[in-house]
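Q: need coordinates for the below:
(2 chains)
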Amino acid sequence: MTAYLSGIWDARYFWSHLCLSDLRARFRRSYLGASWSILQPLGMTLLISLVLSRMFHISLAEYAPYILSGLVLWEFVIGTATIGALAFVQADAYIKQCHHPLAIYTLRTTLANLIVFAMGSISLVIWVLATSPHYFGWSWLAALLIFPIGVMIAWPLATTLAYVAARFRDLPHALGLLFQALWFVSPVYFEAKIFRAGGLHALVDYNPIYHLLEIVRAPLLRGAWPTAQNFAYCLGMIAVLLLLAWLVGRKAEKKVIFYL
Amino acid sequence: MKSKRIVLTDVHLYYSSFAYKERSLKTLLAHLVRARPGPTVKDIHALKGITLEVGAGERVCLLGHNGAGKSSFLKMVAGLYPIARGTRTVHGTVRSLFDLSLGFEPEATGRENILYRGLLLGLTPAFMRRIENEIVECADIGEFIDYPIKIYSAGMQVRLAFAISTAVGGDVLLLDEVIGAGDVNFMAKARRRILELVDQSEVMILATHDLASARSMCQRGLVLQHGCLVFDGPVGDAIDAYQHMAGVAA
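A: Residues are numbered from 1 along each chain as shown, chains lettered A, B, ... in the order given. Model (predicted):
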């Protein structure tokens, strides 16, 4: 295990460059370049909140940051998982030539998406500072924890999926459906109180996605600290995903090359 | 430990058939309808009980017909393929030249790809910047070095790949049919570069069909047939054995 981790560390120049090259490729020859990672979620948020704020009779200024926080975090975790599921298949040329720990290829995807996520978060912070500056305070420090927590959730998730997807190519197709379902039962765009009003408490209280979102939403949207329970759910999710990645990887790591 | 660079005992390598089997709803339904089953695909037993030692300073050539297991052998030594049984011990850094054009980023320029390839091999950015000019000079593709790889001709890609891959040597050098890269001008340069690499390395294993270069570059020859090691001895005798096996008069 330590040998595996030190292998990841030894290859740091390689994956950090792959990650930056992914970002460069994403914005290559586009006029607005990296600012798209700020503009795109912002535009999407305006669109969604224009409709939903009318439907649910909430003020746009209040609802938009809720949507935006849900949108950027969801895109990060799910985007990393879906793109990361194909990370080994896409890196086949590297895998067939050089022996590196496979987790570096999902780390590449995770970090590239993390940077886009961080850029998207900037517009959230600016929005909240402009509309509700009174929420600004020490609790915002807790919101920063979303970055390490997010990486530790998205990376093992993507790695586990990538092991499986190398062998079962149906997985990426099924994932789209699965994540859509997850999105639908989680308070990503719809407010938690709507679920509660419908008697669906369990979908909020036992939903790790809700607790993950609370790490950002409690400080930024309410000026409050996230609860110990929020952190407990996040840490639990990290532990489960790390264990899963380890269990699957223990057997699959060496065999992936046969399935590429 | 310095004297023995590669130690293999009873190494078996299987390719899982799972990867090539048609597994789709379509084939499943076809199987139900058709009474006669299609051809069955089994796991491929690519290397069968290979046992050998290679010491420091040895130059070994690997002979055998197509599909005898030469590339599998090299990739197993490089640690890319997991072995099913037996033990594999390799000391020192392994540098391998297999399929050179693999692993270019098509959108990135030649210069950027030099960096990426170097990092893939585990080198540092600072070191790559130091040897960048030397690689550019060797590839000799003019101003194209600053254009994206995707507009390169196949020959230019090979030249760049070759120049990068041969820029740094290792203790254990594994070569798979790389001498035939590029046009006539490049060939001479390529041969020189390969020989330099071979000189730097402690152990060299060359898989080839070119018997002349096998004879000139190696002292020891291994002959593989259907995944078995059928001959291990001086290169001249190995070539005789290989030609005898192939039914060609020596």
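Q: drop to CA atoms for contacts and neighbour counts, all remaining ones
A: Noted.
Q: in CSV, could you pull the C-alpha coordinates for the lowest-mean-pLDDT helix or strand in chain B?
A: Sorting the helices and strands of chain B by mean pLDDT, DSSP states H and E puts helix B:25-33 at the bottom, at a mean of 76. Extracted C-alpha coordinates of helix B:25-33, given in CSV (Å, rounded to 0.1, in the frame of the first residue of the first chain):
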residue,chain,number,x,y,z
LEU,B,25,-27.0,-9.0,-26.1
LYS,B,26,-26.7,-9.6,-29.8
THR,B,27,-24.4,-12.6,-29.5
LEU,B,28,-26.4,-13.9,-26.6
LEU,B,29,-29.5,-14.0,-28.7
ALA,B,30,-27.7,-15.4,-31.7
HIS,B,31,-26.4,-18.2,-29.4
LEU,B,32,-30.0,-19.0,-28.4
VAL,B,33,-31.2,-19.1,-32.0
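Q: now stretch A:200-218, how far from the chain's geometric center?
A: Distance, stretch centre to chain centre, for stretch A:200-218: 15 Å (CA atoms, centre = their mean, to the nearest Å).
Q: what about it, how long is it end to end?
A: 21 Å (CA to CA, to the nearest Å).
Q: how about the helices in chain B?
A: B:25-33, B:70-77, B:110-120, B:125-139, B:154-165, B:184-200, B:211-217, B:235-245 (DSSP state H).
Q: just checking, what packs against the first one?
A: By that I understand helix B:25-33. Using 3 or more CA pairs under 8 Å, 6 or more residues apart in numbering or on different chains; DSSP states H and E, no helix or strand is in contact with helix B:25-33.
Q: thinking again about what came up before, now the helices of chain B as a markdown table including mean neighbour count?
A: Shown next, in a markdown table, are the helices of chain B (neighbours: other CA atoms under 10 Å in any protein chain shown):
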| stretch | mean neighbour count |
| --- | --- |
| helix B:25-33 | 11 |
| helix B:70-77 | 22 |
| helix B:110-120 | 23 |
| helix B:125-139 | 16 |
| helix B:154-165 | 21 |
| helix B:184-200 | 16 |
| helix B:211-217 | 15 |
| helix B:235-245 | 19 |
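Q: for chain B, what lies in contact range of chain A?
A: By CA under 8 Å from any CA of the partner chain, the residues of chain B that approach chain A are B:15-16, B:18-19, B:79-82, B:96, B:98-99, B:102-103, B:107, B:116, B:119-122, B:124-125.
Q: name the residue most distant from the centre of chain A?
A: Distance from the C-alpha centroid of chain A peaks at residue A:97, with 30.1 Å (CA atoms, centre = their mean).
Q: give me the phi and psi for the closest residue in space to residue B:131 that isn't next to it in sequence.
A: Nearest residue to residue B:131, sequence neighbours excluded (CA to CA, 6 or more residues apart in numbering or on different chains): residue B:167, at 7.7 Å. Dihedral pair for residue B:167: phi -70, psi -30, per degrees, to the nearest 10.
Q: report how many residues lie close to residue B:167.
A: Neighbour count for residue B:167, taken as other CA atoms under 10 Å in any protein chain shown: 18.
Q: report the distance from stretch A:111-119 to the chain centre.
A: 9 Å.
Q: what is the rounded mean pLDDT of it?
A: Stretch A:111-119 comes out with an average pLDDT of 94.
Q: just stretch A:1-17 next, same as before
A: Mean predicted confidence for stretch A:1-17 is 90.
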